[in-house]
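Asks: I need the structure of the sequence given here:
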Amino acid sequence: MAVEFKDGKKILVTPVTAEDLKDIKIGDIIYLTGSLTTCRDVAHRRVVEEGREIPVDVRNNAIFHAGPIIRPLPDDKFEMVSVGPTTSMRMEKFEYEFVKITGVRVIVGKGGMKENTAKACKEFGAIHCVFPAGNAVVAAVEVEEIVKAEWRDLGMPETLWNCRVKEFGPLIVSIDAQGRNYFEEKKVEYNRRKDEQIAEICKQVRFIK
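Replies: Presented below is the predicted three-dimensional model:
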């Protein structure tokens, strides 16, 4: 079973299938155990625009939009020092094709994404989650081991750092496998509430238009 419950936490354990994600909804808080690979702009571009095969198997696993700080160790080993999320929206234009090509199931980053990613999540059975910003050191502690590093020619932030993580999170589900988008739905709600409040204020303070 790829979904575990421990101390009140819902934990996804990779590899993950579309079936494992069907009951996870936007706004849910989950954690991740298993394989997580950092994957940013240039790696997306290589896969989608250049047609290069990604050298880490992310099918049914997770990627993290992040540029970590790594400490090299002897014998080609590495230690995660800090791994904060980067803005997911930068990958929006690539994400549909990236999910289609690679089969990734869980995308983690900072902030929301839009139609391209929501379409991919709905069609291919994936989710996008937000890791709370400002917790890069906490995230690093949840990395048990850096298993391998690929595309090192891209430099430290863009290298594919394939990690084994344990209870990585909290992750807030922003797009679920049905294609619902938490940020976009809340934007509509907040705008409606904002308009209602402005109208109420204008009744009492007439010089505000």
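Asks: measure stretch 11-27 end to end?
Replies: Using Cα to Cα, to the nearest Å, one end of stretch 11-27 lies 15 Å from the other.
Asks: what is the rounded mean pLDDT of it?
Replies: Averaging pLDDT along stretch 11-27 gives 95.
Asks: got the buried residues for that stretch?
Replies: Of the residues in stretch 11-27, 11, 12, 13, 14, 15, 16, 20, 21, 24, 26 count as buried by neighbour count, 16 or more other Cβ atoms under 10 Å. Every residue, glycine included, has its C-beta placed from N, CA and C.
Asks: now these as a markdown table including secondary structure and distance to residue 38?
Replies: As requested, the buried residues of stretch 11-27 are exported to a markdown table (DSSP: H, G, I helix; E, B strand; the rest coil; distance: Cβ to Cβ, whole Å):
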| residue | secondary structure | distance to residue 38 |
| --- | --- | --- |
| 11 | strand | 20 |
| 12 | strand | 18 |
| 13 | strand | 19 |
| 14 | coil | 15 |
| 15 | coil | 18 |
| 16 | coil | 18 |
| 20 | helix | 22 |
| 21 | helix | 21 |
| 24 | coil | 22 |
| 26 | coil | 24 |
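Asks: Can you lay out the residues you listed as a markdown table showing distance to residue 43?
Replies: Below are the buried residues of stretch 11-27 laid out as a markdown table (distance: Cβ to Cβ, whole Å):
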| residue | distance to residue 43 |
| --- | --- |
| 11 | 26 |
| 12 | 22 |
| 13 | 24 |
| 14 | 19 |
| 15 | 20 |
| 16 | 20 |
| 20 | 25 |
| 21 | 23 |
| 24 | 25 |
| 26 | 26 |
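Asks: tell me the phi and psi of the residue sitting nearest the centre point of the chain?
Replies: Geometric centre of the chain, nearest residue: residue 108, 1.1 Å, by Cα atoms, centre = their mean. In terms of degrees, to the nearest 10, the main-chain angles of residue 108 are phi -120, psi 140.
Asks: same deal with residue 60?
Replies: In terms of degrees, to the nearest 10, the main-chain angles of residue 60 are phi 60, psi 20.
Asks: From residue 18, how far off is it?
Replies: Computed as Cβ to Cβ, to the nearest Å, the residue 60 to residue 18 distance reads 9 Å.
Asks: Kindly list the longest strand within the chain.
Replies: As assigned by DSSP state E, the longest strand anywhere in the chain is strand 160-175.
Asks: Quick one: distance of that strand to the chain centre.
Replies: Centre-to-centre, strand 160-175 and its host chain are 7 Å apart (Cα atoms, centre = their mean, to the nearest Å).
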